[in-house]
Every structure is written in structure tokens, then in C-alpha cells.
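K.L.:
Build the 3D model from these lines:
(one chain, ligands or ions: 1)
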Amino acid sequence: MTTVLLTGFEPFAGDATNPSGDAVRAVAAGWSGPEELIVEVLPVTFDRADAQLRALIDRHRPDVVIATGLAGGRTQVTPERVAINLADARIPDNDGAQPVDRPIVEGAPAAYFATVPVKAMAAAMGEAGVPAAVSYSAGTFVCNHVMFAALHATASTPGARAGFVHVPYASEDAPAGAPSLPLDDIVRALESAVRAAIDVPTDLAVSAGTLH
Ligand code: PCA
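P.N.:
So this is what the prediction gives:
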């Protein structure tokens, strides 16, 4: 039986909601299998999110891990191509921690590429009618940290895949003037992304690159 771990985040930076946490709960509510879907909402703290994610991976041994988080200001749903081994926090996390220039895992590679098929995921989200594009930076805050931790934890498990999807604000809760998508669209996009991550064995051989 294929097991999928899908995570979102609790609110942070003074926001009342986080669309990633709301969306993964909705994906769980509508999931009809046949794969086993484990859904969890992680705290926005470097240390506790890392520990919780590793414990979930140890306990469930998922075949596919997809973590998700909010990238306020983005206009599209964005599968991330790369996680870097660096924590450099512009704002404190929800425990007040604000690491600067700290490796996530001492001695680990400088970066990991996503092992889920990011181009196929973006294409699947587009086909579901939701604007989507591959992103080449997950930032240096808790989302990048969790993506790096997921890739590090699954690096030596043959066949295991891991990745991260950043979502825009949900229209229902977006700050005035911020780009957003209806929460239903974010939910549909994540369902399509999870499905592609399970079903597509080799990523699309098309460019999803950027000039800057
Ligand atoms: N977004 C933040 C952390 C939690 C979240 O939802 C980030 O992009 O790092």
C-alpha cells in the first residue's frame, strides 16, 4: 500500500490563518484513496517542525512526502525544485527563534533537488485550472527547512519521493491588495499535485526554467 504524507503549516507572522494548513485538511477530508494519506499541520518553528516531520517519516515510512506552506505575495501554486542547507530567518519563528546563516544539517549537501516530479505537478495543477509554476527558491525560513529535512530524511530510502509546494494566500483571508486564489482552487491544485507525485514516474522533459 502506497503511503503519502502531506503537511501544511499553522499561521505565522501575525496572520490568523494559513491556507496551507486549511488546504491539506480539506484534501484529507475529500481523499478517497486508494493510497493511504497521512495529513498533519506543522508548527512554524524550525526545531519543532523539523522534529515532528522526522517523527512522522520514521513512524509512517511514506513513499511520498509533500510538505506545503504559504508564500504570501505569489500569484501561482509553486512546486519547489530545490531546498538549500541554510536557515536565515528574516522574522522570528513562532517560538521566537531567528537563526542566521545556520546550516540545517551540519555536513549534509549544500542543497537537495526535489525528488517528486515538479514539472508534471505544475502541469497537473494547470490542467485542473489553477495557475501553477515551478519555483527555484523555497526561501531560507521554515518552509525551506522542512523541505530540506524531508529530502535529507528520505535520501537513502530507495523509491521514496519528497518535495514541497508553496501556495498563495487564500482569497477568503488575503491581506488587502495581496494576490490570492480561492481556497477551493488551492485544494484542487494540491490534490492534482499529490496525484502527479504518486503516478508520474519520470518528470516531463520540458523547460520550466526562468531567466531571472
Ligand atoms: N510559510 C513559511 C513558513 C510557514 C509557511 O506557511 C515559509 O515559506 O517559510
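
K.L.:
Write out the residues of the chain neighbouring the ligand.
P.N.:
9, 12, 18, 20, 44, 69-71, 139, 141-143 (CB under 6 Å from any ligand atom). The C-beta positions use only the backbone N, C-alpha and C, and glycine is treated the same way.

K.L.:
Among those, which are located in strands?
P.N.:
In this view, the residues of the chain next to the ligand that belong to strands under DSSP state E are 9, 69-70.

K.L.:
For those, could you give me TSV that also reports neighbour count and pLDDT?
P.N.:
What follows is those, written out as TSV (neighbours: other CB atoms under 10 Å; pLDDT from 0 to 100):
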residue	neighbour count	pLDDT
Phe9	24	98
Gly69	28	98
Leu70	27	98
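
K.L.:
ok, so of the residues you listed, who is nearest Pro103?
P.N.:
Gly69 (20.3 Å; CB to CB).

K.L.:
got the contact list for the closest one?
P.N.:
8-9, 18, 20, 142-143, 146, 164, 166-167 (CB atoms under 8 Å, 6 or more residues apart in numbering).

K.L.:
do Thr2 as well
P.N.:
Applying CB under 8 Å, 6+ apart, the residues near Thr2 are 34-36, 63-64, 198.

K.L.:
all helices in the chain, in order from the N-terminus.
P.N.:
Along the chain, the segments classed as helices by DSSP state H run 19-30, 46-60, 118-127, 142-154, 183-199.

K.L.:
quick check: mean pLDDT across the last one?
P.N.:
Averaged across helix 183-199, the pLDDT comes to 98.

K.L.:
for it, packing partners?
P.N.:
Judged by 3 or more CB pairs under 8 Å, 6 or more residues apart in numbering; DSSP states H and E, helix 183-199 is in contact with strand 3-9, helix 19-30, strand 64-70, helix 118-127, strand 161-167.

K.L.:
any idea of the angle it forms with strand 3-9?
P.N.:
Using axes from the mean of the first three to the mean of the last three CA atoms, to 10 degrees, one finds that helix 183-199 and strand 3-9 are set 150 degrees apart in direction.
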